[in-house]
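Student: I'd like to go over a predicted model; first the sequence, then the structure.
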Amino acid sequence: MTPLNDDEKAELVAYLDGELDEAATQVMETRLATDPAARAEMDTLKQTWGMLDYLPKTSPSSNFTNRTMDKLTLENSVPTPAAKTQPMPSRSRPWIVAAVWAAVMIVAVSGGFLAVSHLAPVPTHADPHHDSDLPLVRHLRIVEKWRWYESIDDLDFAKKLAHPEMFGDDPS
Amino acid sequence: MALTGETSTQLALRDPDIRLMLRVRDDDATAFADLVELYQHRLVTVMHHLVGNAEEGEDLAQEVFLRVYRTRKKYHPKAKFSTWLFTIANNLAMNILRDRQRKFTVPLDVRDSGPLGPRPAEQLVHDKAGQPHQRLQHQELAGVVKVALETLNERQRIAVVLNKFEDMNYADIADVMGMSTKAVKSLLSRARENLRQALKGYIQMEGQAAADSKDE
């Protein structure tokens, strides 16, 4: 009556699972009939296996099939992420972002130059008491930012410019 | 078990589930709904016991069905349909369990468990040292068995769950897990031995609980 080695234990488990062929089953049954240690081993293995019955019984929720079908429908109707995203500047094409920024800057600077030239005519010195820069001084804050105001259509657009995250990666 | 020597047509004639899956392959949405209906209970049960959580088990079962649909065009009947289905389930579960094991590789000392006391797994280790409480109720026993199952490695756990809850034989488990039948035999033997060690202190209690429930 020696304790079962690993191979014998595997054989015993296979016997309990009904996986042995006829000859091997016969050998195992003879051993169990004559070896109390093997019988005790079998009993504890059976009890251990039986304890798995204590695990809670599971049932899928009543709408499982409907939820699965809904998910499938959604999955098949939603375009791929690449197709559904807006054509925002891509991380893989930073030169586009840089080009757009450069164009905006050129337009803004040119517009600003023209606006300042128009609002501030060259002094004639005909009337030494007349200060031709007075309107510029009075509206200095507007004049300073005029090149920006020139290049936009409305206030909403100007507010949107305050959200740089809309323009993707920093071109720098 | 792989059914060698049979054509797809022969298999389909014998196994109604294969016929159903072939309709799914041909984009029959009704057939897919029927397939979900037919296998949901078995799949949810298996996934629940693999991950130890009913809600997560249901989500994973749903993901298995979606994978079945996504890969339907690649389906060629070579074995029982359930073997193919549980192979997909095995692959998903294996990934989940391995990820989980990677995230929780540092064992905590019982004293480190915080103000709520030891976790169930720690409690089991603690209780193994001494005699478990005599009045352990059915629900508590279920918790102990759940924790014991979680002490198995992912391969052992999958083999045990398929064997116990799907009543799958060694050859089918071998097909699902991509192993030899001999390896499955050895795997299940080690798994049962590990379970026995984990539940050693509770086996007598289980006998008493079973007797009590018969008396009621």
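Tutor: Yes, it's here.
Student: For the residue most central in space within chain B, which residues are in contact?
Tutor: For chain B, the residue nearest the mean C-alpha position is B:Val161 (3.5 Å; CA atoms, centre = their mean). Counting by CB atoms under 8 Å, 6 or more residues apart in numbering or on different chains, B:Val161 makes contact with B:46, B:49-50, B:149. For every residue, glycine as well, the C-beta is placed using N, CA and C.
Student: again with A:Leu52
Tutor: A:Leu52 makes contact with B:145, B:149, B:160, B:164, B:195 under the criterion CB under 8 Å, 6+ apart.
Student: can you narrow these to ones near chain A?
Tutor: Counting by CB under 8 Å from any CB of the partner chain, B:145, B:149, B:160, B:164, B:195 from these sit close to chain A.
Student: any idea how the chain splits into domains?
Tutor: Picking chain A for this. Domain ranges of chain A: A:6-54, A:89-167, per automatic domain parsing.
Student: Switch to chain B, please.
Tutor: Split by automatic domain parsing, chain B gives B:1-104, B:116-216.
Student: Pick out the shakiest of those domains, pLDDT-wise.
Tutor: Among these, domain B:116-216 has the lowest mean pLDDT, at a mean of 80.
Student: Quick check: the spatially closest residue to B:Ala89 that is not a sequence neighbour vs B:Lys182, distance?
Tutor: Leaving aside its chain neighbours, B:Ala89 sits nearest to B:Val64 (4.8 Å; criterion: CB to CB, 6 or more residues apart in numbering or on different chains). Using CB to CB, to the nearest Å, one obtains 28 Å as the distance from B:Val64 to B:Lys182.
Student: returning to what we had before: mind putting the contacts of A:Leu52 into TSV with neighbour count?
Tutor: Converted to TSV, the contacts of A:Leu52 look like this (neighbours: other CB atoms under 10 Å in any protein chain shown):
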residue	neighbour count
B:Val145	23
B:Leu149	24
B:Val160	23
B:Lys164	17
B:Leu195	22
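Student: okay if I get those as CSV plus secondary structure?
Tutor: Output for those, formatted as CSV (DSSP: H, G, I helix; E, B strand; the rest coil):
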residue, secondary structure
B:Val145, helix
B:Leu149, helix
B:Val160, helix
B:Lys164, helix
B:Leu195, helix
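Student: can you list the residues of chain A near chain B?
Tutor: Within reach of chain B by CB under 8 Å from any CB, chain A has these residues: A:6, A:9-10, A:13-14, A:17, A:19, A:44-45, A:47-52, A:54-61, A:64-65, A:67-69, A:71-72, A:75.
Student: Where does chain A get nearest to chain B, residue-wise?
Tutor: A:Ala10 (3.7 Å; CB to the nearest CB).
Student: What residue in chain B comes nearest to chain A?
Tutor: For chain B, CB to the nearest CB, closest residue to chain A: B:Ser189, 3.7 Å.
Student: which residues are in contact with the helix or strand where that residue lies?
Tutor: Per DSSP states H and E, B:Ser189 falls inside helix B:181-199. With contacts defined as CB under 8 Å, 6+ apart, helix B:181-199 is touched by A:6, A:9-10, A:13-14, A:17, A:19, A:44-45, A:48-49, A:51-52, B:124, B:128, B:144-145, B:147-149, B:151-152, B:155-157, B:159-160, B:163, B:170-171, B:173-174, B:177, B:179, B:203, B:206.
Student: Buried members of the residues you listed into ChimeraX, please.
Tutor: A single ChimeraX command selects the buried members of the contacts of helix B:181-199 (16 or more other CB atoms under 10 Å in any protein chain shown):
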select /A:9,10,13,14,17,19,45,48,49,51,52 /B:124,144,145,147,148,149,151,152,155,156,157,159,160,163,170,171,173,174,177,179,203,206
